[in-house]
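S.K.: 3D model of this:
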Amino acid sequence: MSARAAWWAAPLVASVILSLGTPLPVLGDEPPSNTARRGLGAGAGRHAESHADDAAAATQRPGQRTPRVATREPAWSIHGLGFVGLTRFAAKRTFEAVLGEAGGQVAGGGVRVAHRSGFFGQVDGSRFVATGERVFVSGGQVFPLGIPTEVTVTPVDVTGGYRYVRRPRTARPGVTARPARTQPLVIPWVGAGFGQVRYKESADFAKAGDDTDEAFRSYHLVGGVDVPIWRWLSAGVDAGYRWVPDALGQGGVSKEFGDKTLGGSTIRVRVLVGR
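M.R.: Numbering: from 1, shown residues only. This next block holds a predicted model:
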């Protein structure tokens, strides 16, 4: 071959050699680019999630528990309650003259229905019973007559009020909020309402009309705290004042001392059962 022909043939030979060195796709096979694209689909997403779970598990220390998410409380809850306490009547001189003291022990129970917003309604009743004797009052002096007398005071109260509810905390942007307790250690509450007080006085050897059995309208304020003990059990203490206007003073000892109200103050320790 002449030098001129070799000069023209060299580029052609180089092209053939390069084409033989490049793998050509076989009929029916997919191009490598398609295979790569298919690998970035759903299968790759699952692999990414698996790697994320593995990373999260690696960051969790051995023995560390997964934080529990607090569940939302039911919209309504109902509790039965029982209590014992002490009461002191506003008509101090009248009760001291007949019973020897101005108050004593009370006991009772009731039902409370509460909404998770904090508002509640409650109905409860209590009873005070004490034994004394009939007396005669003259010139401010008390003269016992030796006739046994039993005094019973039975209030029934309807109360509406509000009890403290812990609100969930809202995280500020860029700040991780600490999880709040679902229930505080102490729950304060206040309430007010109305009711009825039944006053009964009976004595041995009493004549017709000597005994008393009447009911009067009452009004009250009350407040206290509850302490959760267990999921279904709480304990608490409360104090209140009751007004019973114009229940006394129409006759007898209360008229002599000028006492007109049957109300007074009460402090109670109570137990609540329910959810």
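
S.K.: Helices along the stretch 1-150 of the chain, start to end?
M.R.: 3-21, 32-39, 42-59, 92-99 (DSSP state H, counting those that start in this stretch).

S.K.: Can you spell out which helices and strands pack onto the last one?
M.R.: If contacts are counted by 3 or more CB pairs under 8 Å, 6 or more residues apart in numbering; DSSP states H and E, helix 92-99 sits against strand 119-138, strand 141-163, helix 252-257. Placement of C-beta: from N, CA and C, glycine included.

S.K.: Most tightly packed of those?
M.R.: Highest mean neighbour count of these: helix 252-257, a mean of 19 (counted as mean count of other CB atoms under 10 Å).

S.K.: Mind listing residues that contact that one?
M.R.: Here helix 252-257 makes contact (CB atoms under 8 Å, 6 or more residues apart in numbering) with A91, R93, T94, A97, V98, V135, V137, G140, L248, G249, K260.

S.K.: Let's have those residues in TSV, adding pLDDT and distance to D124.
M.R.: Formatted as TSV, the contacts of helix 252-257 follow (pLDDT from 0 to 100; distance: CB to CB, whole Å):
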residue	pLDDT	distance to D124
A91	95	23
R93	94	29
T94	94	26
A97	94	30
V98	94	26
V135	91	33
V137	90	35
G140	82	38
L248	92	24
G249	85	28
K260	92	25
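
S.K.: Selecting buried members of the residues you listed in PyMOL, what would you type?
M.R.: Applying 16 or more other CB atoms under 10 Å to the contacts of helix 252-257, the buried members can be selected in PyMOL as follows:
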select buried, resi 91+93+94+97+98+135+137+248+249+260
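
S.K.: out of the contacts of helix 252-257, what pair is the most spread apart?
M.R.: V135 and K260 (18.7 Å; CB to CB).

S.K.: In JSON lines: the helices and strands packed on helix 92-99, plus distance to W189.
M.R.: Listed next are the helices and strands packed on helix 92-99 as JSON lines, based on distance: least, CB to CB, whole Å:
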{"stretch": "strand 119-138", "distance to W189": "7"}
{"stretch": "strand 141-163", "distance to W189": "4"}
{"stretch": "helix 252-257", "distance to W189": "34"}
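
S.K.: The closest residue to F120 other than its chain neighbours: how many residues sit nearby?
M.R.: In space, F120 comes closest to A114 once its chain neighbours are excluded; the distance is 3.8 Å by CB to CB, 6 or more residues apart in numbering. A114: 22 surrounding residues under other CB atoms under 10 Å.
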